[in-house]
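Asks: Take this sequence and fold it.
(one chain, ligands or ions: 1)
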Amino acid sequence: MNILIFDGDEKLNEAAANIIAGLIQTKPRAVLGLATGGTPVGIYRHLVSDFKLGMFSFKEVTTFNLDEYAGLPADHPESYYAYMRRNLFDHIDIQPFQTHLPNGKAPDAEEECRRYDELIDKAGQLDLQLLGLGHNGHIGFNEPGDELIGGTHVTELAEATREANARYFQSLDEVPTRALTMGVGTILKAKMILLVVKGADKADIVKRALQGPITTKCPGSLLQTHPNLVVLLDQAAAEKLA
Ligand SMILES: N[C@@H]1[C@@H](O)[C@H](O)[C@@H](COP(=O)(O)O)O[C@@H]1O
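Replies: Okay, here's the model as predicted:
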């Protein structure tokens with residue numbers, strides 16, 4: 001694992017965007033695994049401005065997002081579909097049919113998960129998976145538990161996760177209780193994983209995930225097994241690391 005620690009948000013966002021941009025420049029048909037949440041917003045902003053400077057094109061890029069809330073229609077402002085349009089897709093030349101998220105409103109969620117895995121399989125291995133880390137160690141919406149699931153599946157959100165995401169909704173009650181998420185097997189099969197974590201409130205979980213025991217109780221700890229893991233941290237998130 002390669003850990004890089006940055007002094008300041010902007011430098012970190014720029015470094016993450018440069019890694020993604022470099023991949024697209026060398027492989028225009030790259031398959032990207034994308035993440036949502038607060039962490040990647042600045043990274044997407046950088047990618048958009050680099051794109052607008054003409055540094056690269058997303059025309060042949062394919063994307064698969066990690067997850068989507070179950071029950072939220074795509075046009076709900078807090079759906080991850082809406083987030084991706086707002087923060088990235090609407091500002092670049094990616095072809096909409098090459099962007100993928102699980103459909104949170106699919107009538108048969110299990111079938112939707114199978115469909116999503118088939119699409120990922122058909123696209124081939126993810127070249128890069130961008131990841132954030134939840135306060136409880138979740139990656140995507142793979143929550144801590146006695147076991148983890150390899151493929152895309154429906155998951156019950158941990159209370160802590162709903163509380164953390166309540167800031168985007170009018171009230172906690174409005175935060176969905178379930179989500180469709182890529183599994184840890186798919187995440188770990190990516191050729192490269194780019195984990196980005198910021199803030200002092202994540203320092204403990206960064207320590208557990210990167211230097212603690214590998215356990216399903218902290219899904220992020222499984223990333224230690226990946227042969228090409230790049231971790232970008234700000235100083236606050238890195239402060240408990242040995
Ligand atoms: N499903 C997402 C994750 O993909 C994200 O990485 C994590 C951390 O979010 P944030 O970056 O806002 O702290 O929580 C969310 O609930």
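
Asks: Output the top helix by length along the chain in CSV, but only the C-alpha positions, please.
Replies: Secondary structure of the chain read by DSSP state H shows that its longest helix is helix 9-26. Presented in CSV, the C-alpha positions along helix 9-26 are these (Å, rounded to 0.1, in the frame of the first residue of the first chain):
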residue,chain,number,x,y,z
ASP,A,9,-7.7,19.8,0.9
GLU,A,10,-6.9,21.4,-2.4
LYS,A,11,-3.5,19.5,-2.8
LEU,A,12,-5.2,16.2,-2.0
ASN,A,13,-8.1,16.8,-4.4
GLU,A,14,-5.6,17.7,-7.1
ALA,A,15,-3.5,14.7,-6.5
ALA,A,16,-6.5,12.3,-6.7
ALA,A,17,-7.8,14.1,-9.8
ASN,A,18,-4.4,13.8,-11.4
ILE,A,19,-4.3,10.0,-10.8
ILE,A,20,-7.7,9.6,-12.4
ALA,A,21,-6.8,12.0,-15.3
GLY,A,22,-3.5,10.2,-15.9
LEU,A,23,-5.3,6.9,-16.2
ILE,A,24,-7.8,8.4,-18.7
GLN,A,25,-4.9,9.9,-20.7
THR,A,26,-3.1,6.6,-21.0
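
Asks: Would you mind listing the buried residues in it?
Replies: Leu12, Asn13, Glu14, Ala15, Ala16, Ala17, Asn18, Ile19, Ile20, Ala21, Leu23, Ile24 (16 or more other Cβ atoms under 10 Å). To be clear about C-beta, it is placed using only N, CA and C from the backbone, and glycine gets the same treatment.

Asks: now do stretch 55-67
Replies: Phe56, Phe58, Val61, Thr62, Thr63, Phe64, Asn65, Leu66, Asp67.
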